[in-house]
Structure formats: structure tokens, C-alpha cells
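Asker: Sharing a model prediction with you, sequence too.
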Amino acid sequence: MPVLIVSGTGTEIGKTVVTAAVAATALARDLDVAVLKPAQTGVGSDEPGDVDEVIRLAGGVTTVELARFPEPLAPATAARRAGAPPVRPHEIAETAGKLATEHDLVLVEGAGGLLVRFDEEGGTLADAARLLAAPVLVVAPAGLGTLNTTALTAEALRARGLAALGLVIGSWPAVPDLAARCNLADLPDVAGAPLLGAVPHGAGALTPARFRRSAADWLAPALGGGWDVARFTADAAPGARSRAAWDAGTGSAER
């Protein structure tokens, strides 16, 4: 798995923090890691972006950002409005492929969901994944509404012959409600892929040292961690104590 695509079912659901957690876990195993952000939108030229946050949280990774557009829009729209050339899927694939020759793991973090347009021809992160023949790690929210967007993302992957490595919940609440608890069992079913982790809400606010020590506890062995999905799901099942899954599987997100 030299290249792993990290995509979400939407925006603002924890993709960057999940990317940082996967990177930190790989670094702890003495792997060389690169993180590629094809297009950063909504950030000025002198402001920190997603790759900067990954470096802050995870530590010594190689980072590449192919383009940056100031307005918080889909990459194709943001590029057009900025009068700048868009990022195309073949450019993403070529850059990731080169990084893969120099690193043990390359994480490609998308923008928004899987089918967000990168160029005027409708090129998407899914197209880059297909060119790379790379698996996709889907980041999903925990609560109400996530089953539909996750099912749609899984359907889009299957339609393109792409493999979903699994799912990670981008922000697991300290006190999960009934929907979040039930979704632990339902998400793998609708996605047709295993649940591979749950990053606690507020993890991005941890000190970098605490984040790096804790990251492997949030991710399953397939991602290099020690998170136990069966135990986590059982502890969070309806009828279990509301904080049990948090305490057993992730630890407190206090600083």
C-alpha cells in the first residue's frame, strides 16, 4: 500500500486529522511518509494549510501541495475564479507516483468528497485513484445522516472499480448519541468495507506530543494501530455506558 487516498463523505469531517493520525502511526513504525494535498482552497498564500497541520500534529513527513486557491470552493471553481490553471487527475497521479518511489507511504488527502471536481473536464480524486490503482480510505462523520453519504461514496467507488480500504470516523464524540452508537454497526454494512478507526472529537487540539502518542490507539491494525473494532463497537452499543467506547478505545482528548 505505497499510496493511500484519503477521501471524505463531505467537508469538515476530520480528513486532515485522520491523515495526520495515519502519518503519525506510520512514522512511529519508522516508515518514511509523504502527504500530498492536490489542491488547497480557502487559504491565503501566507496562511497555514492542511499539510502544515499534518506536519504540526504528526511530525517529520514530506509534504507537497500542488495548488492553492484563496476562495473556499470546489477546486475547479476556485481555480476558475482565481484565473489559475486547475489541478488535473494525471498530475495528482504523477506526483503521488514519484513520491512513492522515495517513501514507504504516500497519503493523498482530497478536498471535500470523492467526486468534487478538480478541473473543467470533471476530473476528480476518484480519477486519480484509478490512475494510481490506489485504495481509498473513507473518512465519515459519526452521527445522523452519515449512512446515506457513506453509501453514496461506496457506490461511486464500486462503479469505478475502486477499492475502499475501509472507514475511519473523523470525529467520535465524547458522549455519543443513539445514532452514532448504532452507526458503528451500520457504517461497515452500507460501505461494504471495514471500520478501521475512530478519532476522538478534539484530537486536533491535542499537543503534538500527545497526538503522536495516542494516534495508534485510534486506528486498526490495517492502518498500523492497535484499535479493536469489536471491543469499541460493543462498548458503544445502545444500552452500554455513554462514555465506555471513548474510555476503552480512544482515551480522553484533554490536553
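Answerer: Cool, the structure landed. Numbering: from 1, shown residues only.
Asker: From now on I want contacts and neighbour counts done on CA atoms only, so please keep to that.
Answerer: Noted.
Asker: Find the residue closest to Leu178 in space, skipping its chain neighbours.
Answerer: Nearest residue to Leu178, sequence neighbours excluded (CA to CA, 6 or more residues apart in numbering): Pro238, at 6.5 Å.
Asker: what about the one you found, how many residues close to it?
Answerer: Using other CA atoms under 10 Å, Pro238 has 16 other residues around it.
Asker: Buried ones in stretch 67-77, by neighbour count?
Answerer: Ala67, Arg68, Phe69, Pro70, Glu71, Leu73, Ala74, Pro75, Ala76, Thr77 (16 or more other CA atoms under 10 Å).
Asker: and which of those residues is nearest Asp32?
Answerer: When the buried residues of stretch 67-77 are compared for distance to Asp32 (CA to CA), Ala67 wins out at 23.3 Å.
Asker: Provide the partner residues of that closest one in its beta bridges.
Answerer: Listed by DSSP bridges, the beta-bridge partners for Ala67 are Ala39.
Asker: list the contacts for it?
Answerer: Neighbouring residues of Ala67 by CA atoms under 8 Å, 6 or more residues apart in numbering: Pro38, Ala39, Gln40, Pro86, Val87.
Asker: measure it to Ala140 for me?
Answerer: 25 Å (CA to CA, to the nearest Å).
Asker: same check, this time on Gly113
Answerer: Between Gly113 and Ala140 the distance is 10 Å, computed by CA to CA.
Asker: what residues are shared contacts of those two?
Answerer: Any residue near both Gly113 and Ala140 by CA under 8 Å, 6+ apart counts here, and that gives Gly8, Thr9, Gly10.
Asker: which ones are touching the nearest residue to the second one once chain neighbours are set aside?
Answerer: Distance criterion CA to CA, 6+ apart; nearest residue to Thr9, sequence neighbours excluded, is Gly113 at 4.9 Å. Residues in contact with Gly113, defined by CA under 8 Å, 6+ apart, are Ser7, Gly8, Thr9, Gly10, Thr11, Thr153.
Asker: Which of these fall within strands?
Answerer: Of these, the ones assigned to strands by DSSP state E are Ser7, Gly8.
Asker: all helices for the stretch 151-255 of the chain, in order.
Answerer: Secondary structure of the stretch 151-255 of the chain (DSSP state H, counting those that start in this stretch): helices located at 178-191, 208-214, 229-236, 244-249.
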